[in-house]
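S.K.: can you look at this prediction? I've put the sequence above it.
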Amino acid sequence: MAIHITTDNKLKKLIVVGDRVLIKPATPHERTSSGLYLPPGVQEKEKVQRGYVIKTGPGYAIPVPADNDEAWKPEEEKVKYIPLQVKEGDLAIFLLSGSTAVVYEEETYYIVPQAAILMLEREEDL
């Protein structure tokens with residue numbers, strides 16, 4: 001059920017900032033393992049949610065020390081990034097309390113900092 005961004009996909013215009021991740025929540029199970037049917041809204045109240053990573057930010061910003069010794073040099077980008085462990089297409093288990101729910105194009109997504117992600121499931125071999 002991994003959702004990938006394609007050229008005609010509406011999500012290509014979104015830019016995720018910093019160490020945040022855009023997650024599409026997985027469809028909740030309507031029934032528990034013991035056979036009980038859950039009413040709507042129960043899954044949204046759980047402390048831990050799961051969903052597929054749609055987009056990731058560039059990572060943790062590390063400022064580069066300023067060197068004013070050579071003022072004649074052109075200005076370069078002063079920010080470097082430590083990349084995130086999360087990749088697009090991963091199934092993420094994350095804390096709901098650390099995330100922000102947003103609605104974009106009538107779909108619900110979560111913006112989650114990497115620190116709120118507890119576990120990842122990746123299709124490729126480790």
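M.R.: Yep, that arrived. Computed from a predicted model, the values in this text were never measured in an experiment.
S.K.: how about residue 111: what's its closest non-neighbour residue?
M.R.: residue 100 (4.7 Å; C-beta to C-beta, 6 or more residues apart in numbering). Quick note: C-beta positions are derived from backbone N, CA and C, even for glycine.
S.K.: burial count for that neighbour?
M.R.: Counted with other C-beta atoms under 10 Å, residues neighbouring residue 100 total 10.
S.K.: check contacts around it.
M.R.: Residue 100 is in contact with 110-112, counting by C-beta atoms under 8 Å, 6 or more residues apart in numbering.
S.K.: how much space separates it from residue 112?
M.R.: Using C-beta to C-beta, to the nearest Å, we find residue 100 at a distance of 8 Å from residue 112.
S.K.: give the next helix or strand downstream of the host helix or strand of residue 51.
M.R.: According to DSSP states H and E, residue 51 maps onto strand 48-56. Next helix or strand after strand 48-56 toward the C-terminus (DSSP H and E): strand 60-63.
S.K.: neighbouring contacts of that next one?
M.R.: By C-beta under 8 Å, 6+ apart, strand 60-63 touches 18-19, 78-82, 84.
S.K.: quick one, which of the residues you listed are buried?
M.R.: Neighbour counting with 16 or more other C-beta atoms under 10 Å marks 19, 84 as buried within the contacts of strand 60-63.
S.K.: mind putting the contacts of strand 60-63 in a markdown table, distance to residue 93 and secondary structure included?
M.R.: Output for these, formatted as a markdown table (distance: C-beta to C-beta, whole Å; DSSP: H, G, I helix; E, B strand; the rest coil):
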| residue | distance to residue 93 | secondary structure |
| --- | --- | --- |
| 18 | 21 | coil |
| 19 | 17 | coil |
| 78 | 35 | coil |
| 79 | 30 | strand |
| 80 | 29 | strand |
| 81 | 24 | strand |
| 82 | 22 | strand |
| 84 | 16 | coil |
